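Colleague: Here is a sequence together with a model predicted from it:
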Number of protein chains: 2
Amino acid sequence: MNENQPASPRTRKRGQVLLESIYDATLQIIRTQGYGNLTFMRVARLANTGRSVLYRRWATPFDLIREIMAYRTEQALGGSLDDMLRDTGSLRSDLLYLFALYQKIYLSVGPEIMNAMLFEMSQSNARIPTIATDIGFRNVALMRRLLGFAQARGEQTRPLSNAALTIPFDLIRMRFMWERRELLEAECAQIVDEVLLPVFLA
Amino acid sequence: MNENQPASPRTRKRGQVLLESIYDATLQIIRTQGYGNLTFMRVARLANTGRSVLYRRWATPFDLIREIMAYRTEQALGGSLDDMLRDTGSLRSDLLYLFALYQKIYLSVGPEIMNAMLFEMSQSNARIPTIATDIGFRNVALMRRLLGFAQARGEQTRPLSNAALTIPFDLIRMRFMWERRELLEAECAQIVDEVLLPVFLA
DNA sequence: GATTTTAAAATACAACTTGTTTCTTAATTT
DNA sequence: AAATTAAGAAACAAGTTGTATTTTAAAATC
């Protein structure tokens, strides 16, 4: 009857186009209304699609943002973290480079979602807890690579436990999640100079 | 009509008794169903009270657990953190003691609620963000006290920025939230010996 | 180009939570 | 004993969830 009904688009998005608009809607809701207000209903409304589309693909909003995170960080880095690591000439610059890479990853997602990730990980007792462990192992391996570079260059490194090797990652992660902002280059350098180098180098 | 109706207690809890049963119900729900399922409705049901009682006192479940946390950690420590800190004879033992105190605080609450706290802090942009800052300042002050003890004993300490002084707290917090378990004494000692002492002592 | 297949969109449903309000009445205070 | 305070019960609209059903664009196949 009414001419100006909500202009329901008679077109249907599909495949990649549909997926991107869902991703965009999701991130926009988190940005404007917060992760706590992220519901399938709102995503569907904003993305101009049906809820059923969402329920068909993801069990919870968390599964949705996990997928978005993987997609985004891959894009932001332009490759896997492992491939990006290079010998930059000194342990100091290697660590600064590592921190820069991590800042890029974190910023591609944002502090709010980082916090949501950790929170959700602490919630579910099933599959997700292993994520933390896996990341830990990967980080230890990354640090051993960096220390390998250092030794090959002749820098005197200390023998360290795995627990000590994860501290660069623990520190930058906690700082980012605690401060909820990008760390300045000077702040990263401060951590490297005051904390990490005294720990790693003899 | 029915004899065995839900046995609605004709008694009414009040004051401290009521409060404690609300606290207990809250913690039990978090323990058995997870923080994500913590709703005022369930708390009221389990505590055998009305929802209105909860809405009258707290705006959100988060405000409720904030109150419980403060109550619990106060109980667990038996005093304020500041009062508990003592010169134990060496920077090493001071740090181990500090870690033990923090473990006590964290365990009195549990990793799930710790994660929920940080998550909620990242959500609200209003009053809560200052909590992180306040805690940071307090921690810096605590570390300066410990380093003061050390200097008075004749230990050679390095001059350090505030950012470096927060790392003991950053580390133990991230470890607890990441691993979601109590840290063994040996693990704390490892952090102290491999990381903190090389950073703090010349 | 017509037909078939796939899956997006619309709609409906019961169940639950929220935030608020109103009312009764038990517990406490005066 | 009377007055005050606040716990507990109930109702309400609005929003979300998870599931299921139907319609019909869009893509694939012939």
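Modeller: Cool, got the structure. Numbers count the residues shown, from 1 in each chain, chains lettered A, B, ... in the order given.

Colleague: for the longest helix seen in chain A, packing partners?
Modeller: When chain A is parsed with DSSP state H, its longest helix is helix A:129-153. Contact partners of helix A:129-153 among helices and strands, from 3 or more C-beta pairs under 8 Å, 6 or more residues apart in numbering or on different chains; DSSP states H and E: helix A:81-84, helix A:91-109, helix A:111-123, helix A:162-165, helix A:167-179, helix B:167-179. For glycine as for every other residue, the C-beta is placed from the backbone atoms N, C-alpha and C.

Colleague: Let's see that with 6 Å instead.
Modeller: Secondary-structure packing of helix A:129-153 (3 or more C-beta pairs under 6 Å, 6 or more residues apart in numbering or on different chains; DSSP states H and E): helix A:162-165.

Colleague: so, in contact with chain B or not, the helix it packs on?
Modeller: Yes: contact between helix A:162-165 and chain B, assessed by C-beta under 6 Å from any C-beta of the partner chain, occurs at A:163, A:164.

Colleague: Same question for stretch A:60-71.
Modeller: No: applying C-beta under 6 Å from any C-beta, one finds stretch A:60-71 separated from chain B by no less than 9.7 Å.

Colleague: Tell me the buried residues in that stretch?
Modeller: For stretch A:60-71, the buried set under the neighbour-count rule, 16 or more other C-beta atoms under 10 Å in any protein chain shown, comprises A:61, A:62, A:64, A:65, A:66, A:67, A:68, A:69.

Colleague: Mind checking which of the residues you listed are in helices?
Modeller: Residues of these located in helices (DSSP H): A:61, A:62, A:64, A:65, A:66, A:67, A:68, A:69.

Colleague: near DNA strand C, from these?
Modeller: Filtering these for neighbours of DNA strand C using C-beta under 7 Å from any atom of the strand leaves an empty set.

Colleague: In terms of distance to residue A:84, which of those ranks first?
Modeller: Nearest to residue A:84 among these is residue A:69, at 17.4 Å by C-beta to C-beta.

Colleague: Contact partners for that closest one?
Modeller: By C-beta atoms under 6 Å, 6 or more residues apart in numbering or on different chains, the residues touching residue A:69 are residue A:109.

Colleague: Could you rerun that using 7 Å?
Modeller: Listed by C-beta atoms under 7 Å, 6 or more residues apart in numbering or on different chains, the contact set of residue A:69 reads A:109, A:113.

Colleague: same deal with the one 3 residues further on?
Modeller: For residue A:72, the residues meeting the contact criterion (C-beta under 7 Å, 6+ apart) are A:108, A:109.

Colleague: same question, residue A:43
Modeller: A:22, A:25, A:26, A:29, A:54.

Colleague: can you tell if the helix or strand the last one falls within touches DNA strand D?
Modeller: Using DSSP states H and E, residue A:54 falls within helix A:51-57. Yes: among the residues of helix A:51-57, A:51, A:52, A:55 lie within reach of DNA strand D under C-beta under 7 Å from any atom of the strand.

Colleague: ok, residue A:157 to residue A:91 distance?
Modeller: Going from residue A:157 to residue A:91 by C-beta to C-beta, to the nearest Å gives 8 Å.

Colleague: So between these two, which is more surrounded?
Modeller: residue A:91 (22 against 15; other C-beta atoms under 10 Å in any protein chain shown).

Colleague: And chain A, what are its domain boundaries?
Modeller: Under the assignment automatic domain parsing, the domains of chain A span A:11-57, A:65-200.

Colleague: And the average pLDDT for the longest one is what?
Modeller: Per-residue pLDDT values across domain A:65-200 average out to 90.

Colleague: what distance separates the start and the end of that domain?
Modeller: Start to finish, the residues bounding domain A:65-200 are 36 Å apart (C-alpha to C-alpha, to the nearest Å).

Colleague: near chain B, anything from the strand or helix carrying residue A:23?
Modeller: Applying DSSP H and E as the criterion places residue A:23 in helix A:15-33. No: using C-beta under 7 Å from any C-beta of the partner chain, helix A:15-33 never reaches chain B; the gap is at least 10.2 Å.

Colleague: which parts of that helix are buried?
Modeller: In helix A:15-33, counting by 16+ other C-beta under 10 Å, buried: A:18, A:19, A:21, A:22, A:23, A:25, A:26, A:27, A:29, A:30.

Colleague: Who are the packing partners of it?
Modeller: Helix A:15-33 sits against helix A:40-47, helix A:61-77, with contacts defined as 3 or more C-beta pairs under 7 Å, 6 or more residues apart in numbering or on different chains; DSSP states H and E.

Colleague: Would you format those as CSV with distance to DNA strand D included?
Modeller: CSV is the format used below for these (distance: least, C-beta to the nearest atom of the strand, whole Å):
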stretch, distance to DNA strand D
helix A:40-47, 4
helix A:61-77, 6
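
Colleague: hang on, the earlier thing: find the one among the domains of chain A with the highest mean neighbour count.
Modeller: Most buried of the domains of chain A, by mean neighbour count (mean count of other C-beta atoms under 10 Å in any protein chain shown): domain A:65-200, with a mean of 17.

Colleague: That one: how far from the chain's middle?
Modeller: Distance of domain A:65-200 from the chain centroid (C-alpha atoms, centre = their mean, to the nearest Å) equals 10 Å.

Colleague: excluding its backbone neighbours, what's nearest residue A:97?
Modeller: residue A:88 (5.3 Å; C-beta to C-beta, 6 or more residues apart in numbering or on different chains).

Colleague: One more: residue A:57?
Modeller: Distance criterion C-beta to C-beta, 6+ apart; nearest residue to residue A:57, sequence neighbours excluded, is residue A:64 at 7.8 Å.

Colleague: Tell me how far that neighbour lies from residue B:152.
Modeller: Going from residue A:64 to residue B:152 by C-beta to C-beta gives 56 Å.

Colleague: cool, residue A:165 as well?
Modeller: Separation of residue A:165 from residue B:152 (C-beta to C-beta): 34 Å.

Colleague: three-state assignment of the residue of chain A found nearest DNA strand C?
Modeller: Nearest to DNA strand C, among the residues of chain A, is residue A:49, at 3.0 Å (C-beta to the nearest atom of the strand). Three-state assignment for residue A:49 (DSSP: H, G, I helix; E, B strand; the rest coil): coil.

Colleague: same question, the one 10 residues further on
Modeller: Here residue A:59 takes the coil state, with states given by three-state DSSP.

Colleague: Next, count neighbours for it.
Modeller: By the criterion of other C-beta under 10 Å, residue A:59 has 9 neighbours.

Colleague: Right, I'll call it a day here.
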